[in-house]
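S.K.: quick one: sequence plus predicted model below, questions after.
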Amino acid sequence: MDFELFFYLNILSALTTLTKETSMDFFNYKNGKLHVENIPIEKIASQVGTPAYIYSKATFLGHLKKLQTAYSAIDTTICYSIKACSNINILKILAQNGSGFDIVSGGELFRAKQAGADCSKIVYAGVGKTDKEILEALDAGIGYFNIESEAELENLIKLTKQAGKTTKAALRVNPDIDPKTHTYITTGKKESKFGVDIERARQVFNQYGKNDSVRLCAVHVHLGSGGKTIEPYVEAVHKILPLIDELRKDGFAIEMLDLGGGYGADYESGTVPSPEQYAAGIVPLLKGKKLKLVIEPGKAIIANAGVLLTRVLYIKQGGSKKFVIIDSGMNDLMRPPLYDAFHFIWPAQVDEKFVPAGKVHELNIAGTEVVDIVGPICEGADFFAKDRALPPVKRGDLLSVFTAGAYGFTMASNYNARPLLPEVLVDGDEFKIIRKRQSYEDLISLEK
Ligand SMILES: *Cc1c(COP(=O)(O)O)cnc(C)c1O
């Protein structure tokens, strides 16, 4: 591509993101300084240090409320997907505001319970649930299990019977729809380890659905994350409703449809559908069908509500490339190397001309330079952005990596013996540390 055009498109997409982010999600530049709600982010950096994850309560609660309103015309339970961001303080706030939870492990069940979740609003997915995890979920009295295979269902029935309990289950089906996202996060196609093919679903119900312990009463589908349009969801509902009709004719009381997660979060372009737009596509199809709806959004709630705050360590020229080396690495945020994910990155303090003033075309974008933003880890994959337009920065400057709330901290590791980052929650005029930065002692505390 022509370099100038490439350069321009890069800036354009970046600034569109920022405009959207700043207008909707409580990350605003005031006098050239990035604020999270009412707090200058610089103040957090000076007290907490960098790198750090910083979340805005008003943002994720706003997303939850928007979802609750958008689907209110039908009986809907929103089950926030804990794996996106699992800090117990955030789970507590979501639980207090009516959210249920989508879990994928015993550890996530533990977190949900500690956060005071209503266990009847917990749904449990995952292809490899262990007996221990299943028994813990039965003990907790979760809402239902999302079943990924015949073998798992057989085991669940056996364990539930042995425990003298009853529970509910949804069969996860693959509607064979491609949400056209990254292959690693596409899960609703046929060649997938998740769920069973839709053609086989009726057979599974007939073989396993008639027992006294596990009531198979729902259908689950999760297309994978990052779908950027409504169509795959609409197509999925169109494929699943006839199945539900057949199952009902076969004598199964199907009470629920779980449409999973994967609703887009705005990483890039400002073109991702809003909760209202998804709901406008989905809700009319389900009206009058006597089905409860469950949705399991992760990033649609938390992605835009978090930033990764980092400091510039060094500027380095390598051949024709300019590298901005920062104090955060791929161990803190895996998404760029793992999924080739785009994160908008911008200095926390900028000259007036780099502050988005509303509309993109009004912005003066002259003066930015194209750089690679990379971390300190000894891996070629340790990058945050390549060939990215950035206002000039120098050692010590703060950079904000936007839309990092989902699959950021939860995927962080201690690779290179780097302590896990702190997490900070901003609420209006106040902020608090909701997870301490690990110390060097923490790194070895379990190794005695
Ligand atoms: C990961 C996951 C989700 C959440 O996905 P998002 O893209 O964060 O919305 C929901 N349901 C299931 C079963 C998942 O595995």
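M.R.: Yep, it's here.

S.K.: beta partners of the closest residue to the ligand within the stretch 1-150 of the chain?
M.R.: Nearest residue of the stretch 1-150 of the chain to the ligand (C-beta to the nearest ligand atom) works out as Ser81 at 3.4 Å. C-beta: built from backbone N, CA, C; applies to glycine. Beta bridges link Ser81 to Asp102, judged by DSSP bridges.

S.K.: what's near enough to touch it?
M.R.: Listed by C-beta atoms under 8 Å, 6 or more residues apart in numbering, the contact set of Ser81 reads Phe101, Asp102, Gly261, Glu296, Pro297, Gly298.

S.K.: and with 7 Å instead?
M.R.: Asp102, Gly261, Glu296, Pro297, Gly298 (C-beta atoms under 7 Å, 6 or more residues apart in numbering).

S.K.: same question, Tyr415
M.R.: Tyr415 sits next to Asn331, Ile377 when contact means C-beta under 7 Å, 6+ apart.

S.K.: before we move on, back to that, what's the farthest-apart pair in the contacts of Ser81?
M.R.: The largest separation in the contacts of Ser81, counting by C-beta to C-beta, is between Asp102 and Pro297 at 8.6 Å.

S.K.: mind listing the shared neighbours of those two?
M.R.: Listed as contacting both Asp102 and Pro297 by C-beta under 7 Å, 6+ apart are Tyr80, Ser81, Gly261.

S.K.: closest one to Val424 out of those, please.
M.R.: Nearest member of the shared contacts of Asp102 and Pro297 to Val424, counting by C-beta to C-beta, is Tyr80, at 19.8 Å.

S.K.: show me which residues of this protein are close to the ligand?
M.R.: Contacts of the chain with the ligand, taken as C-beta under 6 Å from any ligand atom, map to 81, 83-84, 102, 104, 125, 222, 225, 260-263, 296-300, 406.

S.K.: out of the residues you listed, list just those in helices.
M.R.: Using DSSP state H, the members of the residues of the chain next to the ligand that fall within helices are Lys299, Ala300.

S.K.: next one: phi and psi at Pro376?
M.R.: Torsion angles at Pro376 (phi, psi; degrees, to the nearest 10) stand at phi -90, psi 0.

S.K.: show me the shaky parts of the stretch 301-448 of the chain.
M.R.: Within the stretch 301-448 of the chain, the stretches with pLDDT under 70 are 356-365.

S.K.: gap between whichever residue of the stretch 201-350 of the chain sits closest to the ligand and Phe60?
M.R.: Nearest to the ligand, among the residues of the stretch 201-350 of the chain, is Gly298, at 2.3 Å (C-beta to the nearest ligand atom). Between Gly298 and Phe60 the computed distance is 11 Å (C-beta to C-beta, to the nearest Å).

S.K.: show me what contacts the residue of the stretch 201-350 of the chain closest to the ligand?
M.R.: Residues near Gly298 by C-beta under 7 Å, 6+ apart: Tyr80, Ser81, Lys83, Ala84, Gly261, Ala406.

S.K.: among those residues, who's most crowded?
M.R.: Using other C-beta atoms under 10 Å as the neighbour test, the contacts of Gly298 are led by Tyr80, with 33 neighbours.

S.K.: so who does the residue lying closest to that residue once chain neighbours are set aside touch?
M.R.: Excluding its sequence neighbours, the residue lying closest to Tyr80 (C-beta to C-beta, 6 or more residues apart in numbering) is Ser99, at 4.7 Å. Going by C-beta under 7 Å, 6+ apart, Ser99 touches Leu64, Ile78, Tyr80.

S.K.: save these as a markdown table, and put in distance to Asp212 too.
M.R.: Shown next, in a markdown table, are the contacts of Ser99 (distance: C-beta to C-beta, whole Å):
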| residue | distance to Asp212 |
| --- | --- |
| Leu64 | 37 |
| Ile78 | 31 |
| Tyr80 | 32 |
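
S.K.: ok, those vs Ala218, which is closest?
M.R.: Distances from Ala218 to the contacts of Ser99, taken by C-beta to C-beta, are shortest for Ile78, at 15.8 Å.

S.K.: so the closest one, which state does it fall into?
M.R.: Here Ile78 is strand, with the state taken from DSSP: H, G, I helix; E, B strand; the rest coil.

S.K.: please save the CA atoms from stretch 127-137 in CSV.
M.R.: Output in CSV follows, covering the C-alpha atoms of stretch 127-137 (Å, rounded to 0.1, in the frame of the first residue of the first chain):
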residue,chain,number,x,y,z
VAL,A,127,-14.9,-28.8,27.2
GLY,A,128,-12.8,-30.2,30.0
LYS,A,129,-14.7,-29.9,33.3
THR,A,130,-13.1,-32.2,35.9
ASP,A,131,-15.2,-34.3,38.4
LYS,A,132,-14.0,-32.0,41.2
GLU,A,133,-15.2,-28.9,39.3
ILE,A,134,-18.5,-30.5,38.5
LEU,A,135,-19.1,-31.5,42.1
GLU,A,136,-18.3,-28.0,43.3
ALA,A,137,-20.7,-26.5,40.8
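
S.K.: please begin residue numbering at 48 from this point
M.R.: Yep, numbering from 48; the last one is stretch 174-184 now.

S.K.: pull the residues that contact that stretch.
M.R.: The contact list for stretch 174-184 (C-beta under 7 Å, 6+ apart) reads 152-153, 156, 171, 192, 195-196, 199, 203, 206, 210, 240-241.

S.K.: so which of these belong to helices?
M.R.: Judged by DSSP H, the subset of these located in helices is Gly153, Leu156, Glu199, Leu203, Leu206.

S.K.: tell me which two of these sit farthest apart.
M.R.: Greatest spatial distance in those: Leu156 and Glu199, 16.4 Å, computed using C-beta to C-beta.

S.K.: which of these two has more neighbours?
M.R.: When neighbours are counted by other C-beta under 10 Å, Leu156 and Glu199 differ, and Leu156 comes out ahead with 23 against 19.

S.K.: and the pLDDT for the more buried one?
M.R.: Leu156 is assigned 98 on the pLDDT scale.

S.K.: same question for Thr276.
M.R.: 88.

S.K.: contacting residues around it?
M.R.: Pro320.

S.K.: quick one, helices of the chain?
M.R.: 50-71, 88-95, 104-117, 135-143, 153-161, 178-187, 197-209, 245-255, 278-296, 322-333, 346-349, 382-386, 487-491.

S.K.: my guess is Lys346 contacts Ala312. True?
M.R.: Yes - in this structure, Lys346 is within contact of Ala312 by C-beta atoms under 7 Å, at 4.1 Å.

S.K.: mind listing the shared neighbours of the two?
M.R.: Common contacts of Lys346 and Ala312 (C-beta under 7 Å, 6+ apart): Ala453.

S.K.: give me the nearest residue to the residue nearest the centre of the chain, chain neighbours excluded.
M.R.: Geometric centre of the chain, nearest residue: Lys346, 2.6 Å, by C-alpha atoms, centre = their mean. Excluding the flanking residues, the one nearest Lys346 by C-beta to C-beta, 6+ apart is Ala453, at 3.7 Å.

S.K.: sweet, I'm off.
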